[in-house]
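model this:
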Amino acid sequence: MSDLQKRVQEAIDQLVEPGAERGVQVAVYRYGELLVDAVAGIADLETGRLVTSNTPFYNFSIGKGATATVAHVLVERGDLTYDTVIADVWPEFAAHGKGTATVRHALTHSLGVPGIPLGTTPEDACDWDKMCAAVADAEPWWQPGTKVGYHAYTFGFVVGEIVRRVTGKPISRVLREDVAGPLGVPDEIYFGMPLSEHGRVARLEDAEGSEEMLAAIPADLPMFKAFPSYLIPTAQLGNRADFLSADIPAGGKVSARAVARMYAALLTEVDGVRLISPERLREVSAVAMTGVDEVFGNPSAWGLGYAIGAPWSNPQDPSTVFGMAGAGGSWAGADPATGIALAVTKNLLTADWDTAGQIASIVTKALGR
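As a prediction, the model looks like this:
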């Protein structure tokens, strides 16, 4: 066992033992080599099933990183470009003045359609055709490319439908055939999970005080105009069988080992597989859009499909880190400056990213920036 593996294992054991976390996975790659594959705790409190390295966790928006990666793989092989007009491949999307919107706008959360109908039910969210029809018919909140706002649900449906229109395949199949499969982890990165695999997934739990935290969110936050409150990520929502089975590419069911491997293959070759060229890596990981988020009100910086910086870092500091956080405290991403790809997945949904930040600090101190 390497010293870094030992230090990370001790850190997550010390979080799980007193109940600060329930189940945790950590994976670290550097320059294509797996350096850390650590797990601790319980995947399912009811049965006592333990977390293993191949346990998938529904870590919500971590999956957006996989969605973006699928798009980049298609651009890499010439199936589309970042400046492809969405309506050219999806004509219905042109409704209400969205005819100039591009793939780049979708990837940078500047598309202007962050909202889904407020009457959308959880069952509706699992209906691909219904959700895509609603997004195509949406009136934009702003002219595409002029502002930025987190597209919590719509990011996945827009990018996913572009992928389907271009390839003729659902994005879950493209993910498996062109990303997860070549990397050797087809059963550890999913959008929709087959029902037969649900017994492997980590069961989510809400941290103490989560209901009070949700109640304290200002009622006039534009977030509540973007989706109904009952679609805010919670354990109850994420444990639903239909949500686990459905393609909702704004989120994903992943193991830390698999999603870290995906980011590592964006940086460099991993066992003979490199997902994108060095030139494309520079493009997708560079800041492409910044501004105060129109939905959540926070300062934001986006590359092409990935957030720039990490949620525990100062958003004003320049960063070469790119990746995606998941509601509940998970995170996965990479740093081209150091060659490090890191993923932290967990099933106790907290309001912060302290655990991921603690692990990132251990890793970067050990490996150097």
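
What lies in contact with stretch 74-82?
Outside of stretch 74-82, the residues that reach it under the criterion CB atoms under 8 Å, 6 or more residues apart in numbering are 71, 89, 102-104, 107, 162-163, 166-167, 174, 178, 275-277, 280, 304. Just so you know, the C-beta spots here come from the backbone N, C-alpha and C atoms, and that holds for glycine as well.

cutoff 7 Å now
Thr102, Val103, Arg104, Leu107, Val163, Val166, Thr167, Ile276, Ser277, Arg280, Leu304 (CB atoms under 7 Å, 6 or more residues apart in numbering).

before we move on, what about stretch 241-250?
So stretch 241-250 is in contact with 58, 61, 63-64, 67, 122-123, 125-126, 128, 152-153, 155-156, 159-160, 170-172, 191-193, 195, 198, 201, 237, 253, going by CB under 7 Å, 6+ apart.

Among those residues, which are located in helices?
63-64, 67, 122-123, 125, 128, 155-156, 159-160, 171-172, 237 (DSSP state H).

and the nearest residue to Gln236 once chain neighbours are set aside, how many residues sit next to it?
Distance criterion CB to CB, 6 or more residues apart in numbering; nearest residue to Gln236, sequence neighbours excluded, is Asp206 at 7.9 Å. Number of residues near Asp206 (other CB atoms under 10 Å) recorded here: 18.

Ok, Arg173 next?
For Arg173, using other CB under 10 Å, the count is 16.

Got the confidence number for it?
Note for Arg173: predicted pLDDT of 98.

Give me the distance between it and Tyr263.
Distance from Arg173 to Tyr263, counting by CB to CB, to the nearest Å: 21 Å.

Checking the nearest residue to Gly309 once chain neighbours are set aside next. Helix, strand or coil?
Excluding its sequence neighbours, the residue lying closest to Gly309 (CB to CB, 6+ apart) is Ser319, at 4.1 Å. Under DSSP: H, G, I helix; E, B strand; the rest coil, Ser319 falls in the coil class.

For Ser319, grab the count of nearby residues.
17.

right, and it touches Ala307 too?
No - counting by CB atoms under 7 Å, Ser319 stays clear of Ala307, with 9.7 Å between them.

related to what we said a few turns ago, tell me which residues touch the residue nearest to Gly309, please.
Ile308, Gly309, Ser313.

coming back round to it: show me which of the contacts of stretch 241-250 are buried.
58, 61, 63-64, 67, 125-126, 128, 152-153, 155-156, 159-160, 170-172, 191-193, 201, 237, 253 (16 or more other CB atoms under 10 Å).

one step back: now which of the contacts of stretch 74-82 would you call buried?
Using 16+ other CB under 10 Å as the threshold, Thr102, Val103, Arg104, Leu107, Val163, Val166, Thr167, Ile276, Arg280, Leu304 are the buried ones among the contacts of stretch 74-82.

any idea how far the closest residue to Phe227 other than its chain neighbours is from Val39?
Excluding its sequence neighbours, the residue lying closest to Phe227 (CB to CB, 6+ apart) is Ile116, at 5.3 Å. Here Ile116 is placed at a distance of 35 Å from Val39 (CB to CB).

Same check on Arg7?
Using CB to CB, which is the criterion applied here, Arg7 is 15 Å from Val39.

Settle it for me: which of the two has more neighbours?
Val39 (24 against 16).

What is the neighbour count of the closest residue to the more buried one other than its chain neighbours?
Once flanking residues are discounted, Val39 sits nearest to Val51: 4.6 Å by CB to CB, 6+ apart. When counting by other CB under 10 Å, one arrives at 26 neighbours for Val51.

do Gly149 as well
25.

got the contact list for it?
His109, Pro114, Trp141, Asp293, Glu294, Val295.

Report the secondary structure element holding it.
Gly149 is part of no helix or strand, with elements assigned from DSSP states H and E.

quick one: the residue nearest to it when sequence neighbours are not counted and Thr120, what's the gap?
Using CB to CB, 6+ apart and skipping the chain neighbours, the partner closest in space to Gly149 is Glu294 (3.3 Å). Glu294 sits 20 Å away from Thr120, going by CB to CB.

Tell me, how many residues neighbour Gln358?
Gln358 has 17 nearby residues by other CB under 10 Å.

thought it was touching Ala11?
Yes - contact criterion CB under 7 Å: Gln358 and Ala11 qualify, at 6.4 Å.

Pipe the buried ones among the contacts of stretch 74-82 into CSV and attach distance to Leu367 and pLDDT per row.
Below are the buried ones among the contacts of stretch 74-82 laid out as CSV (distance: CB to CB, whole Å; pLDDT from 0 to 100):
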residue, distance to Leu367, pLDDT
Thr102, 37, 98
Val103, 34, 98
Arg104, 33, 98
Leu107, 29, 98
Val163, 34, 98
Val166, 38, 98
Thr167, 37, 98
Ile276, 23, 98
Arg280, 25, 98
Leu304, 26, 98
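
And these, which is closest to Val148?
Leu107 (11.5 Å; CB to CB).

what's in contact with stretch 154-163?
64, 67, 70-71, 74, 86, 89-90, 103, 106, 109, 111, 113-114, 116, 131-132, 135, 171, 174, 247-250.
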